[in-house]
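*Asks:* Structure for this input, please:
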Amino acid sequence: QVQLVESGGGLVQPGGSLRLSCAASGFGLQYWNIGWFRQAPGKERERVACISSSGSTNYADSVKGRFTISRDNAMNRSWLQMNSLKLEDTAVYYCARQFGTTCSATTAFGSWGQGTQVTVSS
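*Replies:* Down below sits the predicted model:
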């Protein structure tokens, strides 16, 4: 059974850090691009970061320089390191997969996890 499970969310003060984890099971991560997405209440889901199967990364402008995406194929995991968190980073964060070597549109991603809540509040 293909599954992606996110963890690591929580409540953090502005300026703080969190590290989210995406654990994959039922398939080998090495052939898949992994995207991290978020959805805040009343807003559309947006992609914040993606790492291709070859290791190339890209980020939304809103998180560049603050978030870092990584992966370990041997561990079948991806992580999203989030630093200098802002109030507007509050959202449910999801990971998803896309087969291939180049990250593309959100609609190309599937096998969504259940999400993990990140709340940035003072």
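*Asks:* Relative to Ser84, how far out is the most centrally placed residue in the chain?
*Replies:* The structure's the chain has its C-alpha centroid closest to Trp36; by Cα atoms, centre = their mean the separation is 2.2 Å. Relative to Ser84, Trp36 is positioned 16 Å away (Cβ to Cβ, to the nearest Å). Glycine gets a C-beta too; all of them are placed from N, C-alpha and C.
*Asks:* And Tyr93, by the same measure?
*Replies:* 16 Å.
*Asks:* Which one's more surrounded, the two?
*Replies:* Tyr93 (23 against 13; other Cβ atoms under 10 Å).
*Asks:* May I have the beta-bridge partners of the closest residue in space to that one that isn't next to it in sequence?
*Replies:* Closest residue to Tyr93 apart from its sequence neighbours, by Cβ to Cβ, 6 or more residues apart in numbering: Arg38 at 4.8 Å. For Arg38, the beta-bridge partners under DSSP bridges are Glu46, Tyr93.
*Asks:* if I pick Arg38, what's in contact with it?
*Replies:* Arg45, Glu46, Val48, Asp89, Ala91, Val92, Tyr93, Tyr94, Val118 (Cβ atoms under 8 Å, 6 or more residues apart in numbering).
*Asks:* Would you confirm that the second one contacts Gly35?
*Replies:* No - in this structure Glu46 lies outside contact range of Gly35 using Cβ atoms under 8 Å: 10.5 Å.
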